[in-house]
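1. quick one, what's the 3D model for this:
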Amino acid sequence: MRLASDHVHVTVPATAGNLGPGFDSLGMALGLFDELEVRAVASTSVSLEIEGEGEDSLPRDESHLVVQAIRAALDHVGASQTGLEIRAVNRIPHGRGLGSSAAAVVAGITAARAMIAEPEALDRAEALRLATAFEGHPDNAAPAIYGGATVAWMDDGVPHAAALEVADEIETAVLVPAATLPTREARAVLPAQVPHVHAAFNVGRASLLVHALAGRPEFLLAATEDRLHQDYRAAVMPSAQALLKELRGRGLAAVVSGAGPSVLVIGTGLDAAGLETGTPASLEGVGGEVWRCVRTAGRVAGALGEPVGV
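-> From the prediction side, this is the model:
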């Protein structure tokens, strides 16, 4: 397959996985975006200009996740490899449970899709399969690709996703700490087995959450209870646990965002609840952290890629 465009622009959203009870299955796109410009050049070289998150630590060679994803996507459709000049503006915090690695992978796949002559060869289903091969599970990649809220699952090793209905009045507020927590550390504290009663509890709460998101926000507090992962992770994210206790004590549907330590609140009228954009005064000092709040109202689009100058 040939390349039809040598200069593309990509946007990809942050995501929250799990949403409390939907471990490794439910996810939601948030209103915080990374941007990417990719140029194909007649060489074998790779150059990256990085601004924002990770600008002092991310690699600037073939090992960068965006480059790996572009390479994998081009190979997948039989397109020729090319030299790459990439400019990345990273706004999604790293190591805080907001899907930054999934965003990088999905951004690379989306860039490849915008470059090739037959973009349907990298439709959403194919993009999800490629992204899951990198990520290991699809709960962040799915909303990054499809937008909105999604449920994702594996069937004989093949990932699938479906969009969930979310009522217009549903808002989110993600509270981001200065502290980071690598996903591998958050996963390392989870047990290999859980009690059957806890699994049954989460099945019920995840089912209720789908119903609540569709227009019954009065059920969100109960629907976001979890017994599969958050309590097990408490010791490695004490600030997040303190914030969860505070917010849920106020009647707000707060959960750990992905592997944490950011905290996500889902509900209505969140500004009136003291969750204003910026650094909410009502949360000053909770858990010994300064919490930065990013609010989202309405459905967030999934990754978008388009040629530049066409």
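
2. low-confidence ranges, the stretch 201-310 of the chain, go.
-> 310 (pLDDT under 70).

3. what segments of it are helices?
-> 220-223, 238-249 (DSSP state H, counting those that start in this stretch).

4. so which of these gets nearest I92?
-> Closest approach to I92 among the helices of the stretch 201-310 of the chain (CB to CB): helix 238-249, 17.7 Å. For the C-beta atoms, the positions are set from N, CA and C on the backbone; glycine is no exception.

5. quick one: the closest one to chain centroid distance?
-> Chain-centre distance of helix 238-249: 21 Å, with CA atoms, centre = their mean, to the nearest Å.

6. check stretch 272-284 too.
-> With CA atoms, centre = their mean, you get 23 Å for stretch 272-284.

7. same thing with stretch 128-140?
-> The answer for stretch 128-140 is 11 Å, by CA atoms, centre = their mean.

8. for stretch 2-11, same thing?
-> Offset of stretch 2-11 from its chain centre (CA atoms, centre = their mean): 23 Å.

9. same question, stretch 100-107
-> 8 Å.

10. make 757 the first number, not 1, from now on.
-> All right, first residue 757 from here; so that's stretch 856-863.

11. tell me the mean pLDDT over it?
-> The pLDDT scores in stretch 856-863 average 98.

12. may I see the buried residues of that stretch?
-> 856-863 (16 or more other CB atoms under 10 Å).

13. follow-up on the earlier one: which one of the helices of the stretch 957-1066 of the chain lies nearest to T906?
-> helix 976-979 (16.4 Å).

14. which strands and helices sit next to that closest one?
-> helix 952-969, strand 1009-1012 (3 or more CB pairs under 8 Å, 6 or more residues apart in numbering; DSSP states H and E).

15. just these: most buried one?
-> Most buried of those, by mean neighbour count (mean count of other CB atoms under 10 Å): strand 1009-1012, with a mean of 27.

16. and that one, which strands flank it?
-> Strand pairing for strand 1009-1012, determined by DSSP bridges: strand 1019-1023 (antiparallel).

17. ok, back up a step: and the helices of the stretch 957-1066 of the chain as CSV, adding mean neighbour count and distance to L878?
-> Below are the helices of the stretch 957-1066 of the chain laid out as CSV (neighbours: other CB atoms under 10 Å; distance: least, CB to CB, whole Å):
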stretch, mean neighbour count, distance to L878
helix 976-979, 20, 35
helix 994-1005, 19, 36
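
18. dump the ones you listed to TSV, plus distance to S801.
-> As requested, these are exported to TSV (distance: least, CB to CB, whole Å):
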stretch	distance to S801
helix 976-979	50
helix 994-1005	42
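
19. quick one: closest of those helices to Q824.
-> helix 994-1005 (29.9 Å).

20. what helices or strands is the closest one leaning on?
-> strand 1009-1012, strand 1019-1023.

21. adding distance to A935, write the ones you listed out as TSV.
-> TSV is the format used below for these (distance: least, CB to CB, whole Å):
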stretch	distance to A935
strand 1009-1012	13
strand 1019-1023	12
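
22. between those, which one is closest to A919.
-> strand 1019-1023 (16.5 Å).

23. which parts of that closest one are buried?
-> 1019-1023.

24. quick one, helices of the stretch 757-906 of the chain?
-> 821-832, 856-871, 880-891, 897-902.

25. next, the angle from the second one to helix 880-891.
-> With axes from the mean of the first three to the mean of the last three CA atoms, to 10 degrees defining the directions, helix 856-871 sits at 140 degrees from helix 880-891.

26. helix 856-871 - contacts with which helices or strands?
-> Helix 856-871 packs on strand 763-773, strand 782-797, helix 821-832, helix 880-891, helix 897-902, strand 1060-1063, going by 3+ CB pairs under 8 Å, 6+ apart.

27. need the winner for burial among these.
-> Of all these, helix 897-902 carries the top mean neighbour count, a mean of 32, counting by mean count of other CB under 10 Å.

28. now do that helix: which elements does it pack against?
-> So helix 897-902, by 3+ CB pairs under 8 Å, 6+ apart, packs with strand 763-773, strand 782-797, helix 856-871, helix 880-891, strand 905-911, strand 914-920.
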